[in-house]
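> Here is a sequence with its predicted model. Questions after.
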Amino acid sequence: MKTYPLKSLNIEQAKKLQFKMIDSITKNFQGHEILSRGDLGVVMGQNKPTTTIQVEKTIADFFDAEDAILLRGSGTGALRWGLISFINNNEKLLVHDAPIYPTTEVTLNTMGVKTIKADFNDINDIKEKIEKNPDIKGALIQHSRQKIEDSYDLENVIKIIKNEKNIPIIIDDNYAIMKTQKMGTQCGAELSAFSTFKLLGPEGVGCLVGKKELIQKVKNLNYSGGSQVQGHEAMDVIYGLIYAPVSLAIQAEVNDELVKRLNNNEVPHIKNAFLANAQSKVLLVEFDENIAYDVLKEAEKLGAIPHPVGSESKYEFAPMFYRISGTFRAADPELENRMIRINPMRSGADTIIRILNQSINKISKR
């Protein structure tokens with residue numbers, strides 16, 4: 001099976017991101033403010049906590065963007081508000097010819113947006129769909145892979161769309177941000193949306209980064225007190241963004257090590273091991289027998305977590321062993337019986353090798 005996972009940052013690149021984040025923080029906070037938990041409420045004249053504004057400025061500076069806003073509703077909420085900033089009911093939105101992420105599909109259906117599908121792996125198809133639909137008002141691109149065979153380069157797709165028609169582009173940067181060299185807005189898009197929960201941050205807080213005009217529209221629409229991300233929550237976002245890059249780079253390093261060791265027959269009954277973005281970049285392990293369900297049951301008893309919380313949230317530090325994605329099951333229903341997903345999270349390769357060995361040994365003794 002051929003896959004095209006996104007290229008992960010190495011440790012040195014991740015360290016530079018950590019240092020850049022600290023530099024951005026010191027540009028927007030005084031020392032005593034860094035050692036606080038922030039303020040609360042709709043401060044007169046700015047309608048949100050001062051600390052939240054400082055964090056949003058820090059994030060914008062860090063991502064080389066004009067503006068940023070923290071939002072309720074995690075990555076889904078950030079993407080929804082980003083779409084609302086430039087597209088209306090019954091207007092056309094260019095999307096990849098692939099299953100739309102379920103929560104995104106709910107947003108598009110609720111908004112009454114008409115999707116025009118183009119194969120983002122095919123330059124000519126992108127151009128053709130834009131030419132046939134001159135009334136397209138924007139585009140949505142998922143940075144991570146949506147299909148097994150996806151191989152498109154995000155920056156290249158953005159350039160192709162922009163060359164055909166200068167429409168607003170929003171990037172779903174979940175599962176890719178802080179793992180890859182550039183986020184969507186750094187590749188030329190107007191907006192990038194992502195969940196801070198996936199970056200060791202607090203539950204339910206999303207972030208939208210990009211053009212000031214569009215971000216300001218979202219700020220104006222989120223004027224109520226209950227919509228504001230409070231100061232202590234904003235500080236928790238920053239804490240997560242500081243440590244996420246290096247943590248995720250270590251995770252990628254462990255994934256690479258596991259592919260080599262598993263394909264070198266260090267664990268019995270493994271036919272193949274490879275990496276894929278599904279949605280997060282994970283290790284896919286294919287067995288030579290239909291033992292996937294049994295391995296998952298035994299691995300959970302040995303400390304592997306069986307399901308995601310926020311997909312790489314602060315709670316998911318143990319390795320996660322779980323079934324393959326719906327996309328892979330749709331491509332080959334039989335894969336579900338002989339293949340599993342593994343995300344190392346904060347664990348090392350030795351722990352995962354041990355859990356796999358012990359699980360398979362228990363199954364073999366039955």
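Yes, it's here.

> secondary structure class for the closest residue to residue 326 other than its chain neighbours?
Spatial nearest neighbour of residue 326, chain neighbours left out: residue 99 (7.9 Å); criterion: CB to CB, 6 or more residues apart in numbering. For every residue, glycine as well, the C-beta is placed using N, CA and C. Counting by DSSP: H, G, I helix; E, B strand; the rest coil, the backbone at residue 99 sits in coil.

> Could you check how far residue 99 is from residue 310?
Between residue 99 and residue 310 the computed distance is 21 Å (CB to CB, to the nearest Å).

> re earlier: which pLDDT value belongs to the residue nearest to residue 326?
Note on residue 99: pLDDT of 88.

> if I read this right, it contacts residue 146, doesn't it?
Yes - in this structure residue 99 lies within contact range of residue 146 using CB atoms under 8 Å: 6.5 Å.

> Counting neighbours, go ahead and name the busier of these two.
When residue 99 and residue 146 are compared for neighbours, residue 146 comes out ahead with 22 against 12, by other CB atoms under 10 Å.

> Which residue, other than its chain neighbours, is closest to that one?
Counting by CB to CB, 6+ apart, residue 98 is the residue found nearest to residue 146 once chain neighbours are left out, at 3.8 Å.

> Please apply the same query to residue 198.
Closest residue to residue 198 apart from its sequence neighbours, by CB to CB, 6+ apart: residue 312 at 5.1 Å.

> So that neighbour belongs to a strand, correct?
No - the assignment for residue 312 by three-state DSSP gives coil, which leaves it out of any strand.

> Just give me the neighbour total for it.
28.

> wait, what's in contact with it?
Applying CB atoms under 8 Å, 6 or more residues apart in numbering to residue 312 gives the contacts 198-199, 248, 251, 280, 343, 345.

> Distance-wise, check it relative to residue 150.
Per CB to CB, residue 312 is found 20 Å from residue 150.

> Same check on residue 322?
Noted for residue 322: a distance of 21 Å to residue 150, by CB to CB.

> what do you get for residue 285?
According to CB to CB, residue 285 and residue 150 sit 21 Å apart.

> quick one, phi psi at the residue nearest to residue 326?
phi -60, psi 130 (degrees, to the nearest 10).

> Could you identify the helix or strand that succeeds the helix or strand where residue 234 lies?
In the assignment (DSSP states H and E), residue 234 maps to helix 231-262. In the C-terminal direction, the helix or strand that comes right after helix 231-262 (DSSP H and E) is strand 270-277.

> tell me which residues in the helix or strand just after that next one are buried?
Next along the chain after strand 270-277, taking DSSP H and E as the criterion, comes strand 281-287. Neighbour-count burial for strand 281-287, with 16 or more other CB atoms under 10 Å as criterion, is recorded at 281-287.

> And the helices in the stretch 51-200 of the chain, which stretches?
In the stretch 51-200 of the chain, the segments counted as helices under DSSP state H, counting those that start in this stretch are 74-84, 102-111, 123-132, 154-164.

> could you say what helices and strands the last one packs with?
Judged by 3 or more CB pairs under 8 Å, 6 or more residues apart in numbering; DSSP states H and E, the packing partners of helix 154-164 are helix 123-132, strand 136-142, strand 169-172.

> make it 7 Å
If contacts are counted by 3 or more CB pairs under 7 Å, 6 or more residues apart in numbering; DSSP states H and E, helix 154-164 sits against helix 123-132, strand 136-142.

> Of all the ones you listed, which one comes closest to residue 215?
Closest to residue 215 of the helices and strands packed on helix 154-164, according to CB to CB: strand 136-142, at 15.3 Å.

> which residues are in contact with the closest one?
With contacts defined as CB atoms under 7 Å, 6 or more residues apart in numbering, strand 136-142 is touched by 86-87, 91-96, 101, 116, 120, 130, 154, 157, 161, 165, 167-172.

> just the buried members of those residues?
By 16+ other CB under 10 Å, the contacts of strand 136-142 give 86-87, 92-96, 101, 116, 120, 130, 154, 157, 161, 165, 167-172 as buried.

> Give me the distance from stretch 228-247 to the chain's centre.
Using CA atoms, centre = their mean, to the nearest Å, the mean C-alpha position of stretch 228-247 is found 16 Å from that of the whole chain.

> Could I get the CA-only coordinates of that stretch as CSV?
Extracted C-alpha coordinates of stretch 228-247, given in CSV (Å, rounded to 0.1, in the frame of the first residue of the first chain):
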residue,chain,number,x,y,z
GLN,A,228,-14.8,34.9,25.1
VAL,A,229,-11.9,32.7,25.9
GLN,A,230,-10.8,33.7,29.4
GLY,A,231,-7.3,34.8,30.4
HIS,A,232,-6.4,31.5,32.2
GLU,A,233,-7.5,29.5,29.2
ALA,A,234,-5.5,31.7,26.9
MET,A,235,-2.4,31.1,29.0
ASP,A,236,-3.0,27.4,28.9
VAL,A,237,-3.0,27.7,25.1
ILE,A,238,0.4,29.3,25.2
TYR,A,239,1.8,26.7,27.6
GLY,A,240,0.7,24.0,25.1
LEU,A,241,2.1,25.8,22.1
ILE,A,242,5.5,26.1,23.8
TYR,A,243,6.0,22.4,24.3
ALA,A,244,4.0,20.9,21.4
PRO,A,245,6.6,21.2,18.6
VAL,A,246,9.4,19.3,20.3
SER,A,247,7.0,16.8,21.7
